[in-house]
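Just the structure for this:
(2 chains)
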Amino acid sequence: MNRDELLLSVNDLTVSFKTKKGMAAAVRGVSFDLAPGESMAIVGESGSGKSVSSLALLGLLPKSAEISGSAMFQGEQLIGMPEKQLQGLRGRKIAMIFQDPMTAFNPLFTIGDQIGEAMEVHGLASGKEALSRSADLLEMVGVPEPGRRVHQYPHEFSGGMRQRAMIAMAIANKPDLLIADEPTTALDVTIQAQVMEVLADIRGETGAAMILITHDLGLVAGSAERVQVMYGGRVFERGTIRSLFYDPRNPYTQGLLSSMPRVDNNAERLVPIQGTPPSLLNMPSGCAFGPRCSHRGPECGERPAELVEVGIDHASRCHRSAHIPRWSEVSA
Amino acid sequence: MNAPLLEVDDLKTHFPIRAGLLRSVVGHVHAVDGVSLSVQPKETVGIVGESGCGKTTLGRSILRLIEPTSGAVRYRGEDVIGASAQRMQELRAEMQIVFQDPYASLNPRMPVDDIISEPLRVHGTDKGEARAKARELLDAVGLLPEHGNRYPHEFSGGQRQRIGIARALSLNPNLMILDEPVSALDVSVQAQVINLLDDLQDEFDLTYLFIAHDLSVVRHISDRIVVMYLGRVAEVADSAALYDHPAHPYSHALLSAVPVPDPDLERDRERIVLQGDLPSPSDPPSGCRFRTRCPLAVERCAEEMPELREVAPGQAVACHFPLAPGETLIDRVGALGV
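Sure, this is the predicted structure:
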């Protein structure tokens, strides 16, 4: 795709935090492109850097974070953009949906006030109009009796309804990009299904692109077109969902898939990944996954691997790509 | 069939709701509201349900960590609810619990040796012997025995959960109640702990009551599964039967909502998205608890509470209109023309 047509182009994004125990490298050179309307998932375990990278794009990290690299959004550089200018983008062109809708809302204001505020700060609606548009938005995301519920406070909403209200707030200004960070992790599975359906419908109507950040590979399979798997602050594999789920080439991705118990078939025994994810303060030299990898060779301890194309729109970061068995053999 | 190791009969645990100046009781939360189940020796029974279904309260009520309101719990035929304090202490040696949060359930000021051996010391084992046993158990759960003098913060989440399991094993229990033991763990580590639980069951002849919200995990580990909804049992079935042909509309909807890591299956499957939220357990619906969200509900469901009854050998369901094997909720909704 022509670079001018991209919605977002991230290049070599790096984020480190100054801590008492030294520098913690949370994101170590992440690059990706996102086309308008596209849906991409970022998958990883705790400490993989999946959330930090999108918070960095929006300037939402604390001052102790050192950010470098480039992120072009609709032709504007997000990294280093003055706060005032970022405020004009956040909630307008780019909106974020967080995991915990209880802490994301202010308990002292009604839901209607807060959705309305999202429009007012950008000068897109105010007063009565903002309130009636808030009710329309609640209706769009499937909140029953929206006219009454705009006057209610966050604690009067159940978890699933609050998450719908947050989606309503996020889409209030018809953003071009939605960043959903573990949007259903706090919800029960039947409510998760409702919320994911709402998100899909809303994207169908508004044409917004989405970055879905999650630890749940199952959720990714049903709601994204492309996916990147992160580990130790780096992208270890990226591709279309079909290539990633049916032909994963990176030992870490393969390990994640074989660790997962599945509701639709019963493996006699799971095949876990040995060991635990590395500490940000104490990254292994060489490949971050090396110490846990059953395919490691001498080169893996020496230097980090590069992200290399292994197929069409499919890349893997592994020194030993040539020696990794194909998934069809592993999972048989 | 053997005599069951654990029997629960019409167990109810209600919590009073207090309000006003005098803290008078204005109502009750029906957290567990008439649950019966039995567990055979060396069996793994999974208890699944969404938040508020009462699964955690059930586990704690069985051990009387929360005193149940009424009903019976029998361990090897012996009445647990009526047991004296002293007898209860002896019984708790045989029935242990592992909690969800490996960060909150271990004393941060105690070395791991002491955490694991404390139950033994409470039950009268001398210090040297208790410590030796702790080191043995560390080895059994896959940790290094020499790490016994470290403190909990020096371990990762998965390792802490192993420590919690070692502590529960210290008194040679028969029954382990595992309350969301892997839900705080990353997926790669979760699989390690699940495999460990499998191995320990064989090694120590353990019986598990495995409480969790994650159906994929429960299916993997359980022989039989109890599906709970709002304080009551909706369905009990062998693990394979439940996933193959759930009879309760709720079981069916719950299973169809679980995402699977397979893009083609995800795209093609018929998913039933339940409408509405879970009603409040302080004011449960009349009749069938699930009727407010059930696509099949009719008048009778509001009037008459369905009893748990057997629809096939080993499969019991609390529904007036259970699904037949092979019939899906979508078929039924279609046939009714709803």
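
Poorly predicted segments of the stretch 201-332 of chain A, please.
A:332 (pLDDT under 70).

Report the buried residues of stretch A:107-125.
A:110-120, A:122, A:125 (16 or more other C-beta atoms under 10 Å in any protein chain shown). Just so you know, the C-beta spots here come from the backbone N, C-alpha and C atoms, and that holds for glycine as well.

pLDDT check: weakest of those?
Confidence by pLDDT is poorest for residue A:125 among these, given 86.

Can you tell me which of the buried residues of stretch A:107-125 is nearest chain B?
Nearest to chain B among those: residue A:111, at 15.5 Å, using C-beta to the nearest C-beta.

what's the worst-scoring helix or strand of chain B on mean pLDDT packed up against?
Lowest on mean pLDDT, DSSP states H and E among the helices and strands of chain B sits helix B:329-336, with a mean of 80. In this structure, helix B:329-336 makes packing contacts with helix B:249-257, judged by 3 or more C-beta pairs under 8 Å, 6 or more residues apart in numbering or on different chains; DSSP states H and E.

Starting from the helix it packs on, tell me the next helix or strand along the chain.
Downstream of helix B:249-257, the first helix or strand assigned by DSSP states H and E is helix B:263-268.

Could you give the separation of the helix or strand just after that following helix from the chain centroid?
The first helix or strand that comes after helix B:263-268 along the chain, using DSSP H and E, is helix B:299-303. Chain-centre distance of helix B:299-303: 29 Å, with C-alpha atoms, centre = their mean, to the nearest Å.

For the next helix or strand after helix B:299-303, buried residues please.
As assigned by DSSP H and E, the chain's next helix or strand after helix B:299-303 is strand B:309-312. Buried residues in strand B:309-312, defined by neighbour count with 16+ other C-beta under 10 Å: residue B:311.

OK, contacts around residue B:15?
Contact partners of residue B:15, counting by C-beta atoms under 8 Å, 6 or more residues apart in numbering or on different chains, are B:28, B:29, B:31.

taking those residues one by one, which sit in helices?
Among the contacts of residue B:15, no member falls in helices (DSSP state H).

Quick check: longest strand in chain B by residues?
Counting residues, the longest strand found in chain B (DSSP state E) is strand B:24-39.

Do any residues in the following helix or strand past that strand lie close to chain A?
Of the helices and strands lying after strand B:24-39 in sequence (DSSP H and E), the nearest is strand B:44-48. No: Strand B:44-48 does not reach chain A (C-beta under 8 Å from any C-beta of the partner chain); its nearest approach is 9.6 Å.

which strands and helices sit next to strand B:44-48?
helix B:55-62, strand B:207-212, helix B:215-221, strand B:224-229.

Tell me which two in the buried residues of stretch A:107-125 are the farthest apart.
For those, the maximum inter-member distance is 19.4 Å, found between A:110 and A:122 (C-beta to C-beta).

need the buried residues of stretch A:107-125 in JSON lines with secondary structure and distance to chain B, can you?
Listed next are the buried residues of stretch A:107-125 as JSON lines, based on DSSP: H, G, I helix; E, B strand; the rest coil; distance: C-beta to the nearest C-beta, whole Å:
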{"residue": "A:110", "secondary structure": "coil", "distance to chain B": "19"}
{"residue": "A:111", "secondary structure": "helix", "distance to chain B": "16"}
{"residue": "A:112", "secondary structure": "helix", "distance to chain B": "20"}
{"residue": "A:113", "secondary structure": "helix", "distance to chain B": "23"}
{"residue": "A:114", "secondary structure": "helix", "distance to chain B": "20"}
{"residue": "A:115", "secondary structure": "helix", "distance to chain B": "20"}
{"residue": "A:116", "secondary structure": "helix", "distance to chain B": "24"}
{"residue": "A:117", "secondary structure": "helix", "distance to chain B": "26"}
{"residue": "A:118", "secondary structure": "helix", "distance to chain B": "24"}
{"residue": "A:119", "secondary structure": "helix", "distance to chain B": "27"}
{"residue": "A:120", "secondary structure": "helix", "distance to chain B": "30"}
{"residue": "A:122", "secondary structure": "coil", "distance to chain B": "31"}
{"residue": "A:125", "secondary structure": "coil", "distance to chain B": "29"}
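
How about the contacts made by the residue of the stretch 1-150 of chain A at minimum distance from chain B?
Residue nearest to chain B within the stretch 1-150 of chain A: residue A:45 (3.9 Å; C-beta to the nearest C-beta). Neighbouring residues of residue A:45 by C-beta under 8 Å, 6+ apart: A:215, A:231, A:277, B:186, B:187, B:188.

Please narrow these to those residing in helices.
Using DSSP H, these in helices are B:187, B:188.

and of the contacts of residue A:45, the nearest to residue A:18?
Distances from residue A:18 to these, taken by C-beta to C-beta, are shortest for residue A:277, at 21.5 Å.

tell me the phi and psi of that closest one?
phi -60, psi 150 (degrees, to the nearest 10).

how many neighbours does residue B:126 have?
9 (other C-beta atoms under 10 Å in any protein chain shown).

confidence score at it?
90.

Tally up the residues packed near residue 201, please.
I'll assume chain A. 13.

try again with chain B
Using other C-beta under 10 Å, the number of residues around residue B:201 comes to 17.

what does the one 5 residues further on give?
Residue B:206 is surrounded by 22 other residues when neighbours are defined as other C-beta under 10 Å.

now do residue B:307
Neighbourhood size, residue B:307 [other C-beta under 10 Å]: 11.

contacting residues around it?
Here residue B:307 is in contact with residue B:318 (C-beta under 8 Å, 6+ apart).

and it, what are its phi and psi?
Per degrees, to the nearest 10, the backbone of residue B:307 is at phi -90, psi 160.
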